[in-house]
Structures are given as C-alpha cells and as structure tokens.
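Q: coords below, sequence missing:
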C-alpha cells in the first residue's frame, strides 16, 4: 500500500485527537484561572437561585432544573427525571427559567 494512503486514512484521526487535546488544555486553563475570590462570588450568586427553576449552562451542555442546595464547590440540581451534583467550576451561565416558555419539562 502506498504511504499516501496511510496518510489519507490517518489524517482524520490525527485531527480529531488534536482537537480534543486543545479542548482539554482550554478547560484546564480556564479552571486554573478561577481563584478563591471568584469561587466565593460564584457561590454567593448561585445561592440567590435556590428553589428557582433555572437553566444552567455548562462548558459541555446545559441542565434545566431546580437548584436545591449550594456548597463551596458544587450545587445540587433536581431535574424532572433525577438529581445531579454539578461542579461550580464548570458553570458558565445561570438564568431563571422563563415562566412563559411552554415545554414538556415543566408542567404548571
């Protein structure tokens, strides 16, 4: 088999590995940036949303649920199907769930 065939076959795999490596480095860098003051501010901010229906945006997706408890590094979120503990270092944005928005997640 010609060496160019190996290159063509392996190129997509190499590109995927490089992309994942960059993504992991970015996440590690963003976690290093957060210091105690930022964590304290985030914890105090999230405490304002306790017992509210919220949409929580994470580094890798989002969660919709009611925030039940907040500690120094995590929060307990109750969704319609289960309960989750979410690390505050991975939270990008929190907003109160819109009251007028009609979805199957919230009844009433």
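A: Arrived safely. Worth saying up front: this structure is predicted, and the values here are computed from it rather than measured.
Q: Tell me which helix or strand comes right after the one helix or strand in the chain whose mean pLDDT sits lowest.
A: Within the chain, confidence by mean pLDDT, DSSP states H and E is lowest for helix 3-33 among all helices and strands, at a mean of 71. Per DSSP states H and E, helix 3-33 leads on to helix 36-47 as the next helix or strand towards the C-terminus.
Q: and that next one, what's its mean pLDDT?
A: Helix 36-47 shows a mean pLDDT of 82 in the predicted model.
Q: Name all residues that make contact with residue 97.
A: Residue 97 sits next to 52-55, 64, 106 when contact means CB atoms under 8 Å, 6 or more residues apart in numbering. Every residue, glycine included, has its C-beta placed from N, CA and C.
Q: Can you give me the buried ones in stretch 61-68?
A: Residues of stretch 61-68 classed as buried by neighbour count (16 or more other CB atoms under 10 Å): 63, 65-67.
Q: Quick one: residues in contact with it.
A: Under CB under 8 Å, 6+ apart, the answer for stretch 61-68 is 46, 49-56, 75-80, 83-84, 86, 97, 105.
Q: could you redo the last one with a cut-off of 7 Å?
A: 46, 49-56, 75-79, 84, 86, 97, 105 (CB atoms under 7 Å, 6 or more residues apart in numbering).
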